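S.K.: what's the 3D shape of this:
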Amino acid sequence: MPTEAENIAARESLDLATHRGRQITTPIVRNSDLILVMERGQLDWIVSSFPESRGRVFMATHWVGGDDIADPFRKSAAFFEQVYEQIEQALAEWSQRLRSR
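M.R.: I've put the predicted structure just below:
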């Protein structure tokens, strides 16, 4: 994990010590009620590769404009902060809407 992301996680008291990225697989898709992605290309690829995911894959920003969230890798600390704010806002909206169901 980039240092900039580690710094944000530490500041926000997010324990990411055991987090590991992994490739999406058929079992992951089948066992997921909701799949959130950061970029439209990711959404299109998942739905194309796993047609059974249709209707369960959404942009993380679906409720706040639907725009891509840029990958901050190899960008400035300030850019990491902007991306974190976008993710935080988008997921707060998802959380609120899912709780109200």
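
S.K.: So what's the gap between the helix ranked longest in the chain and the chain middle?
M.R.: Criterion DSSP state H: the longest helix present in the chain is helix 77-99. From the chain centre to the centre of helix 77-99 is a distance of 9 Å (C-alpha atoms, centre = their mean, to the nearest Å).

S.K.: What are the buried residues along it?
M.R.: Residues of helix 77-99 classed as buried by neighbour count (16 or more other C-beta atoms under 10 Å): 80, 83, 84, 86, 87, 90, 94. Heads up, the C-betas are built off the backbone N, CA and C, glycines and all.

S.K.: The fifth one contacts residue 60, correct?
M.R.: When you say that, I think you mean residue 87. Yes - Residue 87 is within contact range of residue 60, at 6.6 Å (criterion: C-beta atoms under 8 Å).

S.K.: quick one: common contacting residues for these two?
M.R.: In terms of C-beta atoms under 8 Å, 6 or more residues apart in numbering, residue 87 and residue 60 are both contacted by the residues 38, 69.

S.K.: Return, as residue ranges, the portions of the chain with sub-threshold pLDDT.
M.R.: By pLDDT under 70, the chain has no low-scoring segment.

S.K.: which residue ranges form the helices in it?
M.R.: 3-11, 26-30, 40-49, 77-99.

S.K.: mind giving me CSV with those and columns for distance to residue 19?
M.R.: Converted to CSV, those look like this (distance: least, C-beta to C-beta, whole Å):
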stretch, distance to residue 19
helix 3-11, 9
helix 26-30, 15
helix 40-49, 18
helix 77-99, 14
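
S.K.: can you tell which of the ones you listed is closest to residue 66?
M.R.: For the helices of the chain, the distance to residue 66 is smallest for helix 40-49, at 8.3 Å, taking C-beta to C-beta.

S.K.: in that closest one, what's buried?
M.R.: 42, 43, 46, 47.

S.K.: which one of those residues sits closest to residue 26?
M.R.: When the buried residues of helix 40-49 are ranked by distance to residue 26 (C-beta to C-beta), residue 46 comes first, at 11.3 Å.
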